[in-house]
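Student: coordinates for the following, if possible.
(one chain, ligands or ions: 2)
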Amino acid sequence: MLTLDIVVPCYNEEEVLGETVRRLTAVCRDLVDKGKIASESRIYLVDDGSRDRTWELIEGFCQSDLPVRGIKLARNYGHQRAVFAGLMTAQGDAVISIDADLQDDLDAIEKMVDAHVEGYDVVYGVRDDRSSDTFFKRFSAESYYRLLNAMGVETVFNHADYRLMSRAALSNLGQFQETNLFLRGMVPLVGLPSTTVSYARSERFAGESKYPLGKMIALALEGVSSFSAVPLRLIFLVGIALFVLSTGLGIWGLYVAFSGASVPGWASTVVPIYFLGSILLLSIGVIGEYLGKIYIEVKRRPRYLVEKVL
Ligand code: UDP
Ligand code: MG
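Tutor: Ligands and ions are numbered 1, 2, ... in the order given. Next up, the predicted model:
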C-alpha cells in the first residue's frame, strides 16, 4: 500500500495552521478509508523559522494523535528551501507539497494519488481558475510563466509548488547540487513520466500573504538567472545592434559635416552618452546578477539546516 506524505511549509501561519491540519487530516483519513493510501501516511509541517506561535502549534499536533510530524528549520530559509527540506525529510513512497494557506484545492490530492497509481512519477497541480487572485497577481504570474518559457526555461504553466513526487523522482531531485533553489524549474528536469491535474485556486483562508512583492520579484529573478543564460546573450545582441547603429550614425555625421549643413548639436552629443551609459550599467547589472549567483553557488553552503524533527 502507498504511504503518502504531505509537506507543508509554514512561515508565521498560526492563524491558518489549525484549520489546515484539520482539513488535511480529513483528506488523509478519507483516502485511508478508501484503501488508497496506507495508515502510516503523515503530514510534515516544516516551520521555516516562524516568529509567531507556529512551532508551539506544531508541537501540540505532534503530541496529539494526529498523523502529523514537525520539522523546525534553524532559521527562515524561504518557501523554496522549506519545501525542499520537507521533501528530503519525508519518507513516504510519494510526497505531495502544498502551501499552508489552503489556497490550493485539497480535492486534487486524491486526483494526484490516482494519477500516481496509474504510473506517473510527477503529478503537477495546475490552476485552471485564478479568479480569486487579484488582477495584478494573476497578470504578473501569467506573464512570468510566458517570459520563462520564452527564455527557454521549461516550466508547467500556472503550476506553483503543489505537486506529487514519487520516491524515484525525489531521489533524482536530491541529486541536484544547486544552492539557489527554484523547484518549478528543477522538477521538470528530473525526467520520469509526468502529468497534470487541474484545480481551482481559492482565496487565502486566513492571515496575509507571506509572499510580498519583493519576495515575488526575488523568486522571479531566481527562476530566470538560475535556469537561463538568455539575458547574458541579450546583452551581446544589444551590443552588436548598438555597434551597427553607431557606426551608421558616424558615417551619416561625416556626410553631414562635409556637406556643410551641420548644426552644432547638444542633443546629439549628450543623448548618446546617457543612452550608452544606461546600457552599460544595465549590462553590468545582468552580469553582476549571474556573478553573484556563482559566488553563492561556489560556497556550497547547506541549503537548509534543521533544528529539530518531531
Ligand atoms: N512560506 C515559507 N517561508 C517564507 C515565506 C512563505 O515557508 O519565507 C510559506 C507560507 O507559510 C505558505 C507558502 O510558503 O505556506 C506560500 O506562501 P503564501 O501563501 O504567503 O504565498 P502566496 O500564495 O501569496 O504566493
Ligand atoms: Mg498562498
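Student: could you check how many residues crowd around residue 246?
Tutor: Counted by other CB atoms under 10 Å, the residues lying close to residue 246 total 14. Quick note: C-beta positions are derived from backbone N, CA and C, even for glycine.
Student: correction: the previous question concerned residue 180.
Tutor: 16.
Student: next: the one 3 residues further on.
Tutor: By other CB under 10 Å, the residues close to residue 183 number 21.
Student: ok, now residue 254?
Tutor: Neighbours of residue 254 (other CB under 10 Å): 11.
Student: and the one 10 residues further on, by the same measure?
Tutor: For residue 264, the number of neighbouring residues by other CB under 10 Å comes to 6.
Student: just say helix, strand or coil for it.
Tutor: Following DSSP: H, G, I helix; E, B strand; the rest coil, residue 264 is assigned to coil.
Student: same thing with residue 163?
Tutor: Going by three-state DSSP: residue 163 is strand.
Student: please begin residue numbering at 18 from this point
Tutor: All set: I'll call the first residue 18, so the last point we hit is now residue 180.
Student: what's the local residue count around it?
Tutor: Burial of residue 180 is recorded as 26 neighbouring residues (other CB under 10 Å).
Student: could you do the one 3 residues further on as well?
Tutor: Counted with other CB under 10 Å, the neighbours of residue 183 add up to 23.
Student: residues near the residue lying closest to it once chain neighbours are set aside, how many?
Tutor: Spatial nearest neighbour of residue 183, chain neighbours left out: residue 138 (4.2 Å); criterion: CB to CB, 6 or more residues apart in numbering. When neighbours are counted by other CB under 10 Å, residue 138 registers 21.
Student: mind checking how far residue 138 is from ligand 1?
Tutor: 24 Å (CB to the nearest ligand atom, to the nearest Å).
Student: hang on, isn't that residue packed against residue 187?
Tutor: No: if you go by CB atoms under 8 Å, residue 138 and residue 187 don't touch, sitting 9.2 Å apart.
Student: picking that back up, residue contacts, the residue nearest to residue 183?
Tutor: 182-183, 185-186, 207, 209-211 (CB atoms under 8 Å, 6 or more residues apart in numbering).
Student: quick check: phi and psi at it.
Tutor: phi -90, psi -30 (degrees, to the nearest 10).
Student: any idea how far it is from residue 189?
Tutor: Residue 138 sits 9 Å away from residue 189, taking CB to CB, to the nearest Å as the criterion.
Student: between the two, what contacts are shared?
Tutor: By the contact definition CB under 8 Å, 6+ apart, residue 138 and residue 189 are jointly contacted by 207, 209.
Student: up against ligand 1, what does this protein have?
Tutor: 26-28, 30, 65, 93, 95-96, 99, 116-118, 120, 226-228 (CB under 6 Å from any ligand atom).
Student: switch to 5 Å and redo it
Tutor: Selection of the chain residues close to ligand 1 by CB under 5 Å from any ligand atom yields 26-28, 30, 65, 95-96, 99, 116-118, 226-228.
Student: so which of those are in helices?
Tutor: Among the residues of the chain next to ligand 1, DSSP state H puts 96, 99 in helices.
Student: whichever of the residues of the chain next to ligand 1 end up buried, select them in ChimeraX.
Tutor: If you want just the buried ones from the residues of the chain next to ligand 1 in ChimeraX, going by 16 or more other CB atoms under 10 Å, the selection is:
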select :26,27,28,30,65,95,96,99,116,117,118,227,228
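Student: excluding chain neighbours, what is closest to residue 162?
Tutor: Excluding its sequence neighbours, the residue lying closest to residue 162 (CB to CB, 6+ apart) is residue 174, at 5.1 Å.
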